[in-house]
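# need the 3D shape of this:
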Amino acid sequence: MRAINLIVLAGLGLALTRSPLSGSPVVESGPGSETNSCALLAETRHEEGPGQLPADRAYLRAGTNRFCFLIPSGLKLETWSDGRVALVTRDYNCQIVFRIAGPPLLEGSELNPDSCSQWIVAEHATAQILKQFSAFADSRQGPAYEVGLTGTAGAPRRGEIAFIPSRVGILEFSLLCSPENFEAARRQLHTVMLTFRASDARGELHISPLSDKI
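Numbering: from 1, shown residues only. So this is what the prediction gives:
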């Protein structure tokens, strides 16, 4: 039986106006400075059926735009008051966060990897960029970074942050966890990104169920 827990995130802007990722330093040609805001809905659905592996999937909605991704085992979906959606462990040691960090890029513009890394350091005062590489979500590519930083209690933390341009806006996927759990948590982040889907221009979301056939 499908269980649905509906979470309403009131007052979330679909794309943050004049965010650090929407200005000209991050893109080769700066996108527009104004975007329409609308409420975001998020829910967890348990899916199962004949020929299908049981799985929990997160569904997000912002106006006519919809998104979904698989929720890895051991994580639960939360919405935060600052407008982000997170998958967290019970002790909050691992946090995988998704948000729309800025409006869409203008046609022909690209994310500037160097400026993205500068934004990370500006946003996280103790962050050190350890590695830069490419990441993929919804058949789109963007810059990603492995980072080391210090937590609020002074404990070392490891993370991965990826920026993916999309029709809706600049999508940000980020992971934060303890160093000893980093490799396992990174695999969970990649599961989220590889199963991430965004609706098309008509608002339709195309999802492939998990088959139990290997």
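# how much space separates the nearest residue to K131 once chain neighbours are set aside from S139?
Distances taken as CB to CB, 6 or more residues apart in numbering place E146 nearest to K131, at 4.1 Å, with adjacent residues excluded. Any C-beta I mention is one placed from the backbone N, CA and C, and that applies to glycine too. Separation of E146 from S139 (CB to CB, to the nearest Å) stands at 23 Å.
# now N181
For N181 relative to S139 (CB to CB), the value is 29 Å.
# neighbour count winner among those two?
Legend: neighbour count by other CB atoms under 10 Å for N181 and S139, higher for N181 (14 against 9).
# wait, a helix at that one?
Yes - assessed with DSSP: H, G, I helix; E, B strand; the rest coil, N181 lies in a helix.
# residues making contact with the helix or strand containing I129?
Element membership of I129, judged by DSSP states H and E, is strand 128-137. Residues from elsewhere that reach strand 128-137, judged by CB atoms under 8 Å, 6 or more residues apart in numbering: 113, 117, 120-121, 141-149, 162, 164, 171, 173, 193-194, 196.
# which residues of the protein fall in helices?
Ranges of helices within the chain are 113-123, 182-194, based on DSSP state H.
# tabulate those helices (CSV), appending mean neighbour count and mean pLDDT.
Output for these, formatted as CSV (neighbours: other CB atoms under 10 Å; pLDDT from 0 to 100):
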stretch, mean neighbour count, mean pLDDT
helix 113-123, 17, 92
helix 182-194, 18, 97
